[in-house]
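Engineer: Next come a sequence and a model predicted from it.
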Amino acid sequence: MKRTFAIALALLVAVAAATAAPAVKLVYWSMWNQTEPQAQVLEAAIRDFEAKNAGVKVEINWNGREIRKTLQPALDNKQVIDLWDEDTERVVKTWGAYALKLDAYLAKSYPSTGGKAYKDAVMGSLLNLSRSYAADKGLYAVPYQPFVFAFMYNKEHFDKAGIKAAPKTWDELLAAMAKLKAAGFTPMTVDDAYMDTLPGYYLARAKGYPWVEQLVKDKTNAMWSDPAVLQMAKAFENLAKSGYLSKTVAGNKWPAGQQDVAAGDVTMYLNGTWLVNEIMGSTGPDFKWGTFSFPTVPGGKDDQTAANFGAQAFQINKNCKNPDVAFALIAHLTTGKWDAELAKKSYGVPVGGTTDWPVQLAEAKAIFNNLKTCYPWAAGIQANVDKLPVISENFTKLVGGTITAEQFVAAMKK
Amino acid sequence: MKKKRHTLMKAVFLGPAVLSYLAVFLYPTLRTTVMSFFKVDSITDAVSKWSFAGLDNYRTLFSSELFLRSMRNIAGIWLYGGLLVFALALLLAAILTSGVRLKSFFRAVIYLPNVISAVAMGTMWMQYVYSSRYGLLKSTFKTLGLESLSAVQWTSPEHVFGALLVAYCFGMVGYFMLIFMAGIEKIPADFYEVATIEGAGKFRQFRLITMPLMKGVMRTSIVLWTISTVVFFIWSMVFSPLNPEPGTVTPMVYMYQMVFGANMVVTERNVGAGAAVGVLLSLMVLAIFLASSKAIRDDGLEY
């Protein structure tokens, strides 16, 4: 009896040991919703990582963009979260204090980097971008899913309207719009969500983005008297008057405007390269996409080497118990096979940068390679959260044709 | 001896409720009030990280154009929306309690919007009814030959507040109608019988019997309406999901932005100012409650 008991006990111990917790468990809070293509690729890649690394188990928590609100309280309350992701600038500036400095890992090579050091397997500009947001210029986030913010347009419309080259200056843009209108297309639209990017980009092209940030933060509103503001307002008033903007532009609630682009009714839309993926369900893969950087403006300071570009980025918790495994996972996700897969499935830009760009982003690749200056989001016009809604509201009225350029400037100075 | 047992019983029965009230309501209220006088960066920051700011948060609020606009917006919702909802709800309640056929069917239909999630309702209004591409209003006006009305951009800055108000009130009418119907049905039928015999018409009966006996219900409804206006949030978020829009912003949306950060890539947060918004809103509800209690006195009528 005693022996039976001993055997039973031994068996129990053996079973318990076999089914015990894995040697390494990582918890990943994701910015994606499980139904998004990015999430599907990441999940498959993570399962592949688990299969290749026995004893590693990754628990995924699909937060979606709510992670902007949920992550920090969870970290403050000491919840175990080993890695997470969101926009590079956001993760470094907002959550940098919770993150591990990762520079030491860059020189190491991983199975998916093809024998090269990690830093040589990815676009250096992205690592530099991530560093530029940190106070000590260290690497606190590893970028992936890069994007650039530019005019996304329907190439077929351009061909039919007889436009040979994408516009580089504001005058060329006007000429292209005139041809598009003559060919029966609505040249441009915008949604409420991106309304501020138009004045933001124009003003940044005219005076540089630091000036735009100063402008919106100016408590006296005196800077709005600058001739550049009126020039910008006149330029868009002119677009509205010439009938170059969609008639529904003032009432567009995202995604109404971009759906007009998908439906082939409107040609241009200032947006990120992610637009291709976002409206793929409506356009189908055969839609002919083109991309051109925001044109230069008369008397302006910035040219097309400046744009808002960025990426999503992974961060590792500074309290993570297995940072080496966590970085190996990030390397697995952002290089080689799974980087290519993510770019393919989400019609996005690969982190490797050199090959395998989706055909829809062929023109975006040229913009990427030409970039020197990184604008903040909407070229700095969002720097004052209290002023922004007022700017957007009045700019909407301006492009909707209900106020004039002078009335716009007057409203800004109030 | 008997009295003592009563005290014990009271403590036993009231204890859990009182304790949970103190923990769940009073403590957060006090903490929020204290927070509104401090500069706090993240809502989960330890108290040691707070720095005293005096009345700065309140000053920030009253110098913010967006916050002032949000206050004007809820004042508009309270007044215009209130008049619209109460008038329609009373009218429908009076009609449905006057003995029309299919009463429960109509009651259910009018109440139906309340059963559906506000997010779904709001999305339906914004993306479908007001759509300038294929919207209900656009196609209806087009069919009627009213070209200029069908071209109206209902969600443009000029019209978005009105659009929001109509969409919100559409759902609220059924809710208050139900409350008013219950109030009317409580009034004994004899009163109306006597009035009819004495020669009073329906309108006179409504004015001289129904309305005076509905005072208590009205007072409660006004308080309910005030609270729902002050905490106006979901509809505003559905109409402007990314960044607040002057036409639809409300204090709760402003508070949400202050506490959790706006939807932009990097924004400054000011949890203290958010707490200050909360304090102001609570004071508003309290003021309206006291005012309506004073204005609409309970006559102590029993029937």
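Structural biologist: Yes, it's here. Numbering: from 1, shown residues only, chains lettered A, B, ... in the order given.
Engineer: what sits against residue 217?
Structural biologist: If you meant another chain, say so; for now it's chain A. A:Lys217 sits next to A:383-384, A:387 when contact means Cβ atoms under 8 Å, 6 or more residues apart in numbering or on different chains. From N, CA and C alone the C-beta is placed, and that goes for glycine too.
Engineer: my question was about chain B
Structural biologist: Applying Cβ under 8 Å, 6+ apart, the residues contacting B:Val217 are B:179-180, B:182-183.
Engineer: hmm, try it at 7 Å
Structural biologist: Counting by Cβ atoms under 7 Å, 6 or more residues apart in numbering or on different chains, B:Val217 touches B:179-180, B:183.
Engineer: which bits of the stretch 101-250 of chain B sit near chain A?
Structural biologist: Within the stretch 101-250 of chain B, the residues that sit near chain A (Cβ under 7 Å from any Cβ of the partner chain) are B:126-127, B:131-133, B:153-158, B:242-247, B:249.
Engineer: What are the boundaries of the strands in the stretch 51-200 of chain B?
Structural biologist: With strands called from DSSP state E, counting those that start in this stretch, the stretch 51-200 of chain B shows them at B:51-52.
Engineer: Residue of it closest to chain A, please.
Structural biologist: B:Gln153 (3.0 Å; Cβ to the nearest Cβ).
Engineer: What is the neighbour count of the closest residue to that residue other than its chain neighbours?
Structural biologist: Among residues not flanking B:Gln153 along the chain, A:Gly251 sits closest, at 3.0 Å (Cβ to Cβ, 6 or more residues apart in numbering or on different chains). If you count neighbours by other Cβ atoms under 10 Å in any protein chain shown, A:Gly251 ends up with 27.
Engineer: one step back: between the contacts of A:Lys217, which has the most around it?
Structural biologist: A:Ala383 (24 neighbours).
Engineer: Pull the contacting residues for it.
Structural biologist: So A:Ala383 contacts A:213, A:216-217 (Cβ under 7 Å, 6+ apart).
Engineer: Closest to A:Leu371 out of those?
Structural biologist: Of all the contacts of A:Ala383, A:Glu213 has the smallest distance to A:Leu371: 19.5 Å, by Cβ to Cβ.
Engineer: In contact with that closest one, which residues?
Structural biologist: Going by Cβ under 7 Å, 6+ apart, A:Glu213 touches A:380, A:383.
Engineer: now do 8 Å
Structural biologist: A:Glu213 makes contact with A:376, A:380, A:383 under the criterion Cβ under 8 Å, 6+ apart.
Engineer: Need the three-state assignment for it.
Structural biologist: When classified by DSSP: H, G, I helix; E, B strand; the rest coil, A:Glu213 comes out as helix.
Engineer: thought A:Met223 was touching A:Lys207?
Structural biologist: No - assessed by Cβ atoms under 8 Å, A:Met223 is found out of contact with A:Lys207, at 9.8 Å.
Engineer: The two: which has the busier surroundings?
Structural biologist: More neighbours surround A:Lys207 than the other of A:Met223 and A:Lys207, with 22 against 18 (other Cβ under 10 Å).
Engineer: residue contacts, the more buried one?
Structural biologist: When contacts are counted by Cβ under 8 Å, 6+ apart, A:Lys207 touches A:226, A:228, A:300-301.
Engineer: same thing but at 6 Å, please
Structural biologist: A:228, A:301 (Cβ atoms under 6 Å, 6 or more residues apart in numbering or on different chains).
Engineer: Quick check: pLDDT value at the closest residue to B:Glu65 other than its chain neighbours.
Structural biologist: Closest residue to B:Glu65 apart from its sequence neighbours, by Cβ to Cβ, 6+ apart: A:Val390 at 6.0 Å. Confidence at A:Val390, expressed as pLDDT, is 94.
Engineer: picking up where we left off before, any idea which of the contacts of B:Val217 is closest to A:Lys25?
Structural biologist: Of all the contacts of B:Val217, B:Ile179 has the smallest distance to A:Lys25: 53.0 Å, by Cβ to Cβ.
Engineer: check contacts around the closest one.
Structural biologist: Listed by Cβ under 6 Å, 6+ apart, the contact partners of B:Ile179 are B:Ser221.
Engineer: Over the longest helix along chain B, what's the mean pLDDT, rounded is fine.
Structural biologist: Counting by DSSP state H, the longest helix found in chain B is helix B:160-186. Throughout helix B:160-186, pLDDT has a mean value of 95.
Engineer: Show me which residues of that helix are buried.
Structural biologist: Of the residues in helix B:160-186, B:160-161, B:163-165, B:167-181, B:183-184 count as buried by neighbour count, 16 or more other Cβ atoms under 10 Å in any protein chain shown.
Engineer: can you tell me how far the one residue sitting closest to the centre of chain B sits from A:Gly400?
Structural biologist: Centroid-nearest residue in chain B, with Cα atoms, centre = their mean: B:Ser228, separated by 1.8 Å. For B:Ser228, the distance to A:Gly400 (Cβ to Cβ, to the nearest Å) stands at 32 Å.
Engineer: From the structure, what's the count of residues near B:Ala276?
Structural biologist: Look at B:Ala276: counted by other Cβ under 10 Å, it has 29 neighbours.
Engineer: need the contact list for whichever residue of the stretch 51-200 of chain A sits closest to chain B.
Structural biologist: Nearest residue of the stretch 51-200 of chain A to chain B (Cβ to the nearest Cβ) works out as A:Asp76 at 3.6 Å. Taking Cβ under 6 Å, 6+ apart, we find A:Asp76 in contact with B:Thr44.
Engineer: So what's the residue count around residue 240?
Structural biologist: Here I'm looking at chain A. Other residues near A:Ala240 number 20, with proximity taken as other Cβ under 10 Å.
Engineer: Actually, chain B is the one I wanted.
Structural biologist: Neighbour count of B:Ser240, defined by other Cβ under 10 Å: 25.
Engineer: how far away is it from A:Met123?
Structural biologist: Per Cβ to Cβ, B:Ser240 is found 36 Å from A:Met123.
Engineer: what does B:Tyr130 give?
Structural biologist: For B:Tyr130, the distance to A:Met123 - Cβ to Cβ - is 43 Å.
Engineer: Those two - which one has more neighbours?
Structural biologist: A side-by-side neighbour count of B:Tyr130 and A:Met123, using other Cβ under 10 Å, places B:Tyr130 first with 27 against 19.
Engineer: pretty sure the more buried one is in contact with B:Val166, am I right?
Structural biologist: No - with contact defined as Cβ atoms under 6 Å, B:Tyr130 does not count as touching B:Val166 (9.4 Å).
Engineer: list residues touching both of those two?
Structural biologist: Counting by Cβ under 6 Å, 6+ apart, B:Tyr130 and B:Val166 have no common neighbour.
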